[in-house]
Structures are given as C-alpha cells and as structure tokens.
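Asks: Build me a model from this:
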Amino acid sequence: MKLLVQVIGARGLPSMDMNGLSDPYVRIQLGKQRAKTKIVKKSLNPLWDEEFSFRVGDLREELIVSVLDEDKYFSDDFIGQVKLPLAKVMDADNLSLGTVWYQLQPRSKRAKNQECGDIRLAISLTQSSSSCDGTPSQLCSEDMMSNSDKSSELKRELLSISSNGKTDSFAVSEIEEAGFDKEDKSQAQAFFDRMFQIFTGKNADTTMPSSRDIDFVEVVQDERQTPEVNETLEDDAVSISTFDESLKILESKHQSVEMPENLSGGVILDLSFAVTPSELNSVLFSPNSNFLQSLADIQATTDLNMEPWRLENGESLKRVITYIKAATKLVKAVKGTEDQTYLKADGRNYSVLASVSTPDVPFGSYFRCEVLYCITPGPQLPSEEQSSHLVVSWRINFLQSTMMKGMIENGAKQGLKESFGQFAELLSQNVKPLDVKDVGSSKEHILASLQTEQESDCKLAYRFFGNFTVISSIFVAFYVTVHILLANRSTIQGLEFVGLDLPDSIGEVVVCGVLVLQGERVLKMIGRFLQARKQRGSDHGIKAQGDGWLLTVALIEGNDLAAVDSSGYCDPYVVFTCNGRTKTSSIKFQTLDPHWNEIFEFDAMIDPPSTMDIDVYDFDGPFDEAVSLGHTEVNFLKSNLSELADVWISLEGKLAQACQSKLHLRIFLNNTRGVQVVSDYLTKVEKEVGKKINLRSPQTNSAFQKLFGLPPEEFLINDFTCHLKRKMPIQGRLFLSTRITGFYTNLFGHKIKFFFLWEDIEDIQIIPPSLTSMGSPSLLIILRRGRGLDARHGAKALDPDGRLKFHFQSFVSFNVANRTIMALWKAKSLSPEQKVQILEEESDEKNLQSEESGSFLGIEDAKLSEVFSSIVPVPMNWLMELFEGGSLEQKVMERVGYVNYSVSPWESVRSDVHQRQVNYKFDKSISRHGGEVTITQQRSPLLDKNGWVISEVMTLQGVLLGDYYTLHLRYQIDDLQSKSKACLVQVSLGVAWLKSTKHQKRITKNVIANSSARLKEMFRLVEKEFPGGK
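Replies: Numbers count the residues shown, from 1 in each chain. This is a model prediction of the structure:
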C-alpha cells in the first residue's frame, strides 16, 4: 500500500531572513521514510508541485509535513508543520483527502510566532503503485514498484499461503505479468481489504484472518527493497538456510577484501581471548547466541528484536536489531535501530559495522553512531592453541551540519564507554580472556616486532641526488667542460685582462646567472646530504635511565604528509617533547608516507607527564628554518593508555589539515616504583607547602578518578572547600592532584565540574580581602591563551588576549590552600628563573593551620528529613516576606541570633527559578566559637502554583569541624485555601558530609536539635510581626 503526497505550494509564510523573505522547502516524514522538496529562493508564497510516494507499514503512523527555511551557515530555521494521522486518510471517502489548504502549526505553544502560514497538499492512499512521473528518482527506486511486479508478487504470495501456509515458501509457479486483468485487480482489492481489517480493527463481525495471513502481512510490512533486490533475497532464501552457510559463501568472496581501519572516534575496547576468531564471531553475532539478550538484561534494555541475517547480492550479510534503551538521568528511554553489516568474513578475520540510529534523542536526526567490531587472530600461545583479538572503535557520522557537534560526540563517547564496559565484563564471563602471562609483556611483545630500517650511504645518496636538478647540473657541467676544450682562447677586449673573462653579450650574462643558481642548489643539496648522513641514526634503541615514570614512544609511520618541495615530496622528521625533554627521529627523504619504526624512551621522571607535544617538520638543510608539516598533543589525562598502545593521531595545522595527515604511534607510560613514586612526590610538595600531606587511601583516589574521569595513575594530593566566583559565588570543592586542578559542586541537583592542567596556568594572582569574599583573600588563576577550553564554563571572564580567568574565594584556610597551589604550579610549569622570582616575592609563614585531615568522601546529595511542620496563621504573601530581604527578614533574623545579616537580590537562573546569596555571623548565644555562614538559596513555585519551595545550601566557617559538612534545607510553603490567612510550612534538613569523622552522629544530632529550635522561634516571630495578628 502506498501513500501519495503532492506538495503544491504555500502562502503567507513568515520571513526568516534579514531581507524580509525566506528560502523555504518542505520535509516530509512517515515513520523512518523521509523526502524533501526543492528549495524556492526568496519567496513567502512558494510553489513546488512535487509528488512523493511512501510505503505504508503501519496505519498507526503519522505523516509529518514540515516547512523550513534554508540557512547556508547555520542550521535551517523551522517555520511550521502539519501532522496528519494515516487513520484520517483511511476514514476518508475514496481513501483521499483531496487538495486542501492546511494551517501550519508552530513547534510548541510557547513559540513567539504563532502565525506560520498555510500549505496546500493532496494526500491519498492507493493499493497499487503509482507512476514515477513527477517523483524524485531516488524515491521511485526505493519506494515504488511497477504494477506488474507488484501484482505478480501478491499473487505468488497468496498462492503460497493457500497451498501450504508458509510465507517463506517459493515453490509455486510464477503467474505471468500478461495475465493481470480486471479479475486479478479484484483479488488484490480483496487482499487490501484484509490488510485494512487487521490494522484498524474495523468490521469485527467478519472473520478474522488466520495466523498465516498475519505472518504474510508482517512480511509485506518489513519489505524495504526494490523488486530487483527482493528477487535476489528470494533466491538466497532458497539456497541459504543458516548463518554459518552464509559466512561460508562470504569466505570465498572476501579473501581479497582488506580489513578496515579503526574508526576515527577511537578505540573503546581492545581485548584478547583464548578462542578462535570464528568462535568469538559466533558468540557475538550468531542468531543462536544469547549474548545480546544477556547484555540487554544487564543494561535494562527492553523490546529487543533481532531480525534474521540476510545475504544481499551474495556479497553482503546484513541484519537489523531494534530495542528500547533504558532511561538515564539526562535522556528518557529511546528506541534504537541498529543496522549490522559484515564488511569482511574470510574465516580468520571478521569485521562488522553497526550503524545505530536514535531519532528520539536531542538532535537524533542529525547523526548516526557507528561502531566497528574487528576480530583478528591473536598472539600465538605457548600451547599452540589459537587466540583472537577483538578491537571495537567508533565514530559519529553526521548527516546534517550542527553547532552541537562537540557536545554530541562527547556525550556519545561517555555513553559508549559505560555500555562497552558492561559488554567487556559479560563477554569475559562467556569467553575465556587471554592471560597476559601467556604471551609475555605486551609492551616488549609489541616493540620487539619493530625493526628500524638501516639505509646504506649509496641508497641515501641516490634518494638525494637521483633527481632532475642534479642530473641536469651534471649534464651542463659536462657540456661546459667540452666547450672549454674545443673553444679557442678569445682575445682580451673591453675591461678584460689576463685571468678575467667577462661576458660579451646579454645572452652570456643570462647563461652565467643560470649556472650560478644551479651550482648554489647543488651545494645546498650536498650540505643537506652530509647533515642527513650525520643525523640518520637518531636515538633509536637508547634505553631510559633511572626509576619513576617511564615514557616509551614507538614511531611507526606517517600518512598523507604535505608536499612542500618543488619535487612534490617532503623530507619529514618528528620531534617529541615531554616534561621539557626532547627526542628527535631520523629524517625520511623524498616521501609523503614515511616509515620509521623507531623507538624512543624518555628518562625516568619524578612527575607524571600530563601531555606530550608532537611536531613534524620538513628538513631543508642545517641552516634553513624548518617548515612545520603539522603538530598535535597527546593528553595522558584524557586518553586511555590502552588506546595509546596502538593509535593513529591526526595532525593539526594548515598543511596537515588540508592533506589530512596522520601519524601511527604506540605509546606506553609505566611507573617502575609503584607507591614509592607517589610518596616521593608528596615529600617534595611538603617541603614547598610547609605541612604534612597525608597519602590518600585507594578508595579516596578511586572516587576522585571517577569524579573527573581520570586514569588510574592519577592520585589526589589535597582538596579544599571554597567558592567559585562567576556571576554569583557557588560553593564547591577544589581538588588538587599531581597534574590537574579540578572543581566540583552539586548545588540543587545542578552539577558544575571541570579541570585544567597545571601547565595551562600562566599566572596566579592573590586578590586582597573584600566584603564579597567575606574578609579573606581570593585566588585568580589565569590560563595561557587557547588552553583549558574544556573548562571555560567555569571561568569568570575571558580577557582580550583570549585567556580564561578563574576566581576562587572564601577558603576555610587560605594560607594552606595558597601554599599548596603555588607549590604544585611551580613544580609542574615554571622555569627555574620563575621559581626564584616567586620565592623572593613570598614571605616566610611558618605557622600554618592544619586542614583537611579527614578522608574525602565525595560530594553527594544530602538525605533530607523533616525537622519542622506547622500551620502558620498568616497569609502566604506575608510569610514570603521572610525571604525577600526586607525589614521583616532583617528583624526576625537578628532576633534569632544572626548578626551582620546581609542578602543579595534574587537573580533568575532559569525559568521560574531564582537564586540569591545570604551571609551572616552567629551570635555568641548560638555558638561560643562565633563563626560565619554563607548560604546559597534557590526559590521556585510548586507545580500547582499554590505555594513555594525554597532550597538552601549552608556552609559554615570558623565553626569547629564546620568544613567537614554542609547543611541542606528545604522550605515548602503551601497556601491553605480552605483556611483564610494560613499557610502550611514544612522544613526538611540534611547533612552532606565532605569528609569522614567519628563524630558524625553526634554532630548530626546537635545540628538537627538546634536548627529545629531556631526554626520554631523564627516562624513564631513572623506570626507575631503580622499586623493583622496584633
């Protein structure tokens, strides 16, 4: 059954461009089928007159017709849309809605522009295919079939059902197309009536179709191929009955097919198993395997449906998997469709590409997530048994351009890592993982296979001098020499004298100039040859010295480097820089795809490296400035070391990006001293800070690594409670480790998390105390230009030089925090001269307060419990004055015992949500230690708009153990409409522990008791101050 949609035109469209016009086009969608009209330039009343045909698979689907405005540089603008259910077309007379003007509707009722214009459509259903006239050719080939093909297929299927009840039987005689007359049409109409009855449930009194008929309808619905492909599928279904037989057919045809390279997104799984590649392939992709169902149960995936594998054209094996992915904190449960295709299956190597579509997620129609499974033979085992190697890589294939590309890729990467973590765990339970001890050290095993190419002097000379420049110079030198021997000595004339023979014509001057230039080029080439011969050996194979962090880099090859010589080639070499140390590769001459196979080992480092800079240059002689062919950076904090063991890295730079240049590297980072290297680093920092720094427990380090997504070798040094100052101060936690500075807060469920490297910091400034910083100094951290861009959402400002500035204030102990931050910064990023200069400017402070002695637990949401509930006999408007910063709030808070009470104005943070800051000190009657309090409050209306919710996070300073916890309070105020001038007030309180202490129960009990008493007194005073109650 076909749905015919004719898009005729539109009228009264709103202008979307600055010229007062629009460039409209129409996008039509029915289920997963889509079509698009041509674009009419600069028109508000466009005419298209285009017809489209869609295959109807489910009568419950909805036809969506959207009008958009083309935008060359940004995403297209939405104008309006029309949604029509297919049931409406089925209920119409003659299955046609006719030619009608439909009013375009905005995407939401909140849209500013509710007048979107009208569109004229002609919509109808037909049981036979239409002609292709006026329909785009791609739609005709995908969605339409000729009358004769369709009728013969319908007859063949109906006869098959009536004879043996099986939809997959093709052992019936073909009915010739010439016999399709009026009688045949009536049979097709009867079949159409049966389909209508199944989908709509109408005519219930009539006899329902049998299960065989339902199966047949499902087969027709699932068809997505052209007639030619359908015939091929029929032939395959006759000869191929199992998955294994399909793979055997592919083996003979895929012997010459190359194994695809890993996808550009990177490797997310790299494992070896003690089974053959074919056995591992069967576990993952065989229809008889329950692996996918078990994985779906673990991941709470529902409605898993795996279609059978289909062999298309005898060369491609495909299947479709559909499922509903479980909901997460950010995304609701969504339906996913995964198309799996075998790219290679030769019996020893298998490669399957899975293309996943999730149109229901935000921007889901803009991209598809592609995952490549590569199964190859693994390393040889001592027992001579076979093993297999599984590598899973990914990428995002963008179907349309969007400004959210970075956000989509980061979200997909995070989701894939979590999903394939469970994938690997389940697979290890079903298949025996390969023990590394069976194959020896992976690093030595990989590097042992690399052999540097020893190039002889003759071969090197041939590469240098085997070109047209040298050959032409030799010919010219020979020609001139013969000329000198044959020519007679010329007479002295003009300004010549014995020993000086000047040119006698302009032609001779030109010839002399050419000879001089040619000789200069040859001399430069000789100089480059001598320098290259000297530099040819590089430092390949030189072992690292010392113990600590050992960095080993294997430079394998380069691909598609830029040509900078007139010969169309380049002479590339690579420079690696890490922690101030440099390694240089040998030069490869006259090539764009160099092969090095060289190994570089950096001497042991006490400080774990954060990044490694890689620069590729073109060698142009010992005295000429090298031309950059590209550069890149390896970030060890954002990269998994297992991924770096074999990785292709894209180069940056104008030349590299134009040619899409890449380097093939194998990078290994090892710690040879274990925990001792951590202890040594902490000892060095202690000398700078002037206080003892405790080694954190493995549980604490694991929580820290998980919080920021850091590798397992990163360890926490210290953490401090402070405020991040942006538009408004936000209370959170500042974490310091060997390589990063990180900040995290979870305020009212709104999380802010970022980190940047110590090497990214250009300057740290101390800002004098102010009222806003509650009388304590602040730290202003300024990053280098272009660095730390991933953390820009936490920056206070971006200065004119392009540098991000981060403002931290309200430290519990500023001296300790300042000393620790400065010590770590100096250790990682400053030169010796800069360190001396900073030390001269600092004053010696010997007495440092002890802080952060407890173990970090992580910042979690507090568990709230009700501490106050009462009906207050005052109007809600009067009660809300307690949170408006007016005279009532000042008077009540001072009587409760809060001195120096100050509040900031309410500021909007999002729709219907406002936020403010509150500062005060405790009176001696409340706390003999005094102490300062900083509160962040958020106000929002209840869902029924009949009350308010005020949430607050309270930070205590100057209170004993006040830096170990924060208090979370929630005020819910309901207006009791049944009682005039009365409100129901419910207050809940919770304690969020930042660090562990054995006094947790005691502190919690004390806080709840005191808070409950103050709340009762506070609302008693509000009732007393109400004018109507006097």
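
Asks: could I have stretch 736-753 exported to CSV, CA atoms only?
Replies: In CSV, the C-alpha atoms belonging to stretch 736-753 read as follows (Å, rounded to 0.1, in the frame of the first residue of the first chain):
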residue,chain,number,x,y,z
LEU,A,736,44.5,19.3,43.6
SER,A,737,46.4,16.4,42.2
THR,A,738,49.8,15.9,40.5
ARG,A,739,48.6,17.1,37.1
ILE,A,740,45.3,18.9,37.4
THR,A,741,43.3,21.5,39.3
GLY,A,742,39.6,20.5,39.5
PHE,A,743,36.4,22.0,40.8
TYR,A,744,33.1,20.2,41.6
THR,A,745,29.8,21.2,43.0
ASN,A,746,26.3,19.7,43.1
LEU,A,747,24.0,22.6,44.1
PHE,A,748,20.3,21.8,44.0
GLY,A,749,21.0,19.0,41.5
HIS,A,750,22.9,21.3,39.2
LYS,A,751,26.4,20.0,38.8
ILE,A,752,29.4,22.0,37.8
LYS,A,753,32.6,20.1,37.1
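
Asks: Would you indicate which residues of it are buried?
Replies: Applying a neighbour-count criterion of 16 or more other C-beta atoms under 10 Å, the buried positions in stretch 736-753 are 736-748, 753. (Each C-beta comes from the backbone N, C-alpha and C, glycine too.)

Asks: Among those, list the two that are farthest apart in space.
Replies: Thr738 and Phe748 (32.2 Å; C-beta to C-beta).

Asks: got TSV for the buried residues of stretch 736-753, with pLDDT, distance to Asp571 and secondary structure too?
Replies: Listed next are the buried residues of stretch 736-753 as TSV, based on pLDDT from 0 to 100; distance: C-beta to C-beta, whole Å; DSSP: H, G, I helix; E, B strand; the rest coil:
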residue	pLDDT	distance to Asp571	secondary structure
Leu736	91	45	strand
Ser737	89	42	strand
Thr738	85	39	coil
Arg739	88	36	coil
Ile740	90	38	strand
Thr741	93	41	strand
Gly742	94	43	strand
Phe743	94	46	strand
Tyr744	92	48	strand
Thr745	90	52	strand
Asn746	85	54	strand
Leu747	78	56	strand
Phe748	73	60	coil
Lys753	92	46	strand
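
Asks: Please report phi then psi for the residue sitting nearest the centre point of the chain.
Replies: Nearest to the mean C-alpha position of the chain, by C-alpha atoms, centre = their mean, lies Asn410 at 1.7 Å. Dihedral pair for Asn410: phi -70, psi -40, per degrees, to the nearest 10.

Asks: Could you do Thr997 as well?
Replies: phi -150, psi 150.

Asks: Skipping adjacent residues, who's closest to Lys1016 in space?
Replies: Sequence neighbours aside, Phe868 is the residue nearest to Lys1016 in space, at 6.6 Å (criterion: C-beta to C-beta, 6 or more residues apart in numbering).

Asks: Need the three-state assignment for Arg895.
Replies: Classification of Arg895 using DSSP: H, G, I helix; E, B strand; the rest coil returns helix.

Asks: Might you report the residue contacts of the residue nearest to it when sequence neighbours are not counted?
Replies: For Arg895, ignoring the flanking residues on the chain, the nearest one in space by C-beta to C-beta, 6+ apart is Leu1021 at 5.7 Å. Taking C-beta atoms under 8 Å, 6 or more residues apart in numbering as the criterion, Leu1021 is in contact with 891-892, 895-896.

Asks: Going through those residues, which ones are buried?
Replies: Using 16+ other C-beta under 10 Å, the buried ones in the contacts of Leu1021 are 892, 896.

Asks: how much space between the residue sitting furthest away from the middle of the chain and Asp501?
Replies: Note on the chain: the largest C-alpha distance from the chain mean falls to Thr491, namely 81.5 Å (C-alpha atoms, centre = their mean). Applying C-beta to C-beta, to the nearest Å, the value for Thr491 to Asp501 is 11 Å.

Asks: Looking only at residue counts, what's the top helix in the chain?
Replies: Longest among the helix segments of the chain by residue count, using DSSP state H, is helix 506-535.

Asks: hang on, Ser264 packs against Arg395?
Replies: Yes. Taking contacts as C-beta atoms under 8 Å, Ser264 lies within contact range of Arg395: 4.7 Å.

Asks: more crowded one of the two?
Replies: Per other C-beta atoms under 10 Å, whichever of Ser264 and Arg395 has more neighbours is Arg395, with 17 against 14.

Asks: Could you pull out the buried residues of the helix or strand containing the more buried one?
Replies: Under the criterion of DSSP states H and E, Arg395 resides in strand 388-398. Residues 388-396 are the ones in strand 388-398 that count as buried (16+ other C-beta under 10 Å).

Asks: ditto for stretch 369-383
Replies: Across stretch 369-383, burial judged by 16+ other C-beta under 10 Å covers 369-376, 378.

Asks: Repeat that for stretch 8-25.
Replies: By 16+ other C-beta under 10 Å, the buried positions in stretch 8-25 come out as 8-10, 13, 16, 22-25.

Asks: sorry, back to before: and the buried residues of strand 388-398 as CSV, adding pLDDT and distance to Leu757?
Replies: Formatted as CSV, the buried residues of strand 388-398 follow (pLDDT from 0 to 100; distance: C-beta to C-beta, whole Å):
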residue, pLDDT, distance to Leu757
Ser388, 88, 38
His389, 87, 34
Leu390, 90, 33
Val391, 89, 29
Val392, 91, 29
Ser393, 89, 27
Trp394, 89, 26
Arg395, 89, 27
Ile396, 90, 26
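
Asks: Let's have these in JSON lines, adding distance to Ser642.
Replies: Converted to JSON lines, those look like this (distance: C-beta to C-beta, whole Å):
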{"residue": "Ser388", "distance to Ser642": "17"}
{"residue": "His389", "distance to Ser642": "13"}
{"residue": "Leu390", "distance to Ser642": "13"}
{"residue": "Val391", "distance to Ser642": "11"}
{"residue": "Val392", "distance to Ser642": "12"}
{"residue": "Ser393", "distance to Ser642": "13"}
{"residue": "Trp394", "distance to Ser642": "15"}
{"residue": "Arg395", "distance to Ser642": "18"}
{"residue": "Ile396", "distance to Ser642": "21"}
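
Asks: one step back: which one in the buried residues of stretch 8-25 is the model shakiest on?
Replies: Confidence by pLDDT is poorest for Met16 among the buried residues of stretch 8-25, given 84.

Asks: Pretty sure that one sits against Phe78.
Replies: No. Met16 lies out of contact with Phe78 (C-beta under 8 Å); the separation is 9.1 Å.

Asks: what do these two both touch?
Replies: Residues touching both Met16 and Phe78 (C-beta under 8 Å, 6+ apart): Asp69.

Asks: What distance do you get for Ile39 to Val283?
Replies: Counting by C-beta to C-beta, the gap from Ile39 to Val283 is 49 Å.

Asks: Now Asn635. Nearest residue, chain neighbours left out?
Replies: Nearest residue to Asn635 in three dimensions, chain neighbours excluded: Thr611, at 5.3 Å (C-beta to C-beta, 6+ apart).

Asks: What does the pLDDT read for the one you found?
Replies: 89.

Asks: Enumerate every residue touching it.
Replies: With contact set as C-beta under 8 Å, 6+ apart, Thr611 has these partners: 578, 633-636, 757, 759.

Asks: Generate TSV for the residues you listed, with distance to Ala354, pLDDT and neighbour count as supplementary columns.
Replies: Shown next, in TSV, are the contacts of Thr611 (distance: C-beta to C-beta, whole Å; pLDDT from 0 to 100; neighbours: other C-beta atoms under 10 Å):
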residue	distance to Ala354	pLDDT	neighbour count
Cys578	37	88	22
Glu633	31	91	13
Val634	28	91	22
Asn635	28	89	13
Phe636	30	88	23
Leu757	35	91	20
Glu759	39	87	18
